[in-house]
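K.L.:
Structure for the following, please:
(chains A and B)
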Amino acid sequence: MEELKLIRNLVRNSSEIVRIAEMHRDLFEDYPSSAAAAARTPDRDPFDPYRDSEYEDDDRYHVLQANHMPADLLEAVVRGIADADSDLSRFYVQINRYDRGDYVLPHRDKVQQGLYMLTSSTKDGLVAQSSDGRMNFVGDRAGTLVLHDAAAWHWVDPVQDGPRYTLVTIPPRPPRKSS
Amino acid sequence: MIIHAFKEHGAKIISLLDGDGVGVEPEGGGGDNILSGVAEGGFETLDFTGVSEDIRNHILSALDEALLPGPPDRMVVRRYGRGSYAPPHRFREELPSNSGPDSWTVLCALQDSEVDAITYWSGEKFSRHFDRAGSGLHLTQDSWCWTSPVRGETRYTLAIGGEQRWKS
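P.N.:
Below is the predicted model of the structure:
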């Protein structure tokens, strides 16, 4: 398993991205979806640790994918994490918003992702497994890129502050045009 | 459901635990949690079977038993150092062998914390119950729960349970 790594101060315009994202809260997609919430039965198990990592209706947060972002928001995101040599045609990015009480349940990913923290908090953060097998709390600090192995267990406990904003990317860093 | 199970706060109990000199063996989560063998919790467990009657009696005298679901007959104290955690597990696993049809479990923190908590399924969503000395959490036995890595000083929890309910 790869090391759990933190790269601080990578996104220098975090507050700008958050400010613009807050202006477009209505564009975010909700998890669970209203259809999934309506279909729930009282006897369902609320947590399947081995669920498909793409299944997110047991989680509770809000997502805005790059292809739905308004131009000013996408421009701010790209300026924050990419440069002129970045090949954005091979780069996926979404913004996650967590309002108070929102969470992501413990899970593992299929592919390695980049997790960029856009807000700071003394209470909230990511819990992620490191290469020695232990779980670690990484407190939210705006601008930080968190890199963990795709197979590492990780989760976000119900958020106390909020809104909490992150970027999720695949791959973690933009590919280079020259590569 | 939150139960204010202690007539008094847990500080006295903690002082007894710290001063008891009872050997507390690291257990590391164990049991049937989803990360067993992968991400061990590293907390220590003190089972009251065969150890200090003074502490057991003090805890029982501090409890308001009428607030519990039934007569308490089993207790486990867990001590978490900074960074220790309990991976996701069913609430019944807070007390080993606590699985009968009428069994119940209440989990109490023994100190206050603004950062350390248990995350649990409330029946509608996952929530966090932050540590409040003497405040117990009573969940259905199948509820999922976990404790994320402890950020404060040493954290104690007391799991109380039984196999019978009070007759109504």
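K.L.:
Helices of chain B, start to end?
P.N.:
Along chain B, the stretches classed as helices by DSSP state H are B:11-20, B:53-62.
K.L.:
what do you get for chain A?
P.N.:
A:14-23, A:34-38, A:71-81.
K.L.:
Tabulate the ones you listed in CSV, adding columns for distance to A:Y55.
P.N.:
To be clear about C-beta, it is placed using only N, CA and C from the backbone, and glycine gets the same treatment. Listed next are those as CSV, based on distance: least, Cβ to Cβ, whole Å:
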stretch, distance to A:Y55
helix A:14-23, 24
helix A:34-38, 10
helix A:71-81, 25
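K.L.:
For the chain, name the helix or strand with the lowest mean pLDDT.
P.N.:
In the absence of a named chain, this looks at chain A. Lowest by mean pLDDT, DSSP states H and E among the helices and strands of chain A is helix A:34-38, with a mean of 88.
K.L.:
that answer is for a different chain, and I need it for chain B
P.N.:
Result, chain B / mean pLDDT, DSSP H and E: strand B:25-26, a mean of 47.
K.L.:
Kindly report the residues of chain A close to chain B.
P.N.:
Proximity of chain A to chain B (Cβ under 8 Å from any Cβ of the partner chain) is limited to residues A:46-47, A:49-50, A:60, A:101, A:103, A:105-106, A:122-123, A:127, A:129, A:133-137, A:153, A:155, A:157-158, A:160.
K.L.:
Quick one: mean pLDDT for stretch B:81-97?
P.N.:
For stretch B:81-97, mean pLDDT is 87.
K.L.:
ok, it near chain A or not?
P.N.:
Yes - Stretch B:81-97 is in contact with chain A by Cβ under 8 Å from any Cβ, via B:83, B:85, B:87-88.
K.L.:
Repeat that for stretch B:60-80.
P.N.:
No - Stretch B:60-80 is not in contact with chain A by Cβ under 8 Å from any Cβ; minimum separation 12.2 Å.
K.L.:
In chain A, where is pLDDT below threshold?
P.N.:
A:53, A:179 (pLDDT under 70).
K.L.:
hmm, back to that, derive a ChimeraX selection command for the buried subset of the residues of chain A next to chain B.
P.N.:
To isolate the buried members of the residues of chain A next to chain B in ChimeraX, using 16 or more other Cβ atoms under 10 Å in any protein chain shown:
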select /A:47,49,60,103,105,106,123,127,129,134,135,136,137,153,155,157,158,160
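K.L.:
Out of the residues of chain A next to chain B, which sit inside strands?
P.N.:
A:105-106, A:127, A:129, A:135-137, A:155 (DSSP state E).
K.L.:
check contacts around the residue nearest to A:Y98 when sequence neighbours are not counted.
P.N.:
Take A:Y98 and drop its neighbours on the chain: the residue closest to it by Cβ to Cβ, 6 or more residues apart in numbering or on different chains is A:R164, 4.0 Å away. Contacts were defined as Cβ atoms under 8 Å, 6 or more residues apart in numbering or on different chains; by that measure A:R164 touches A:97-98, A:102, A:119, A:121, A:124, A:140, A:156.
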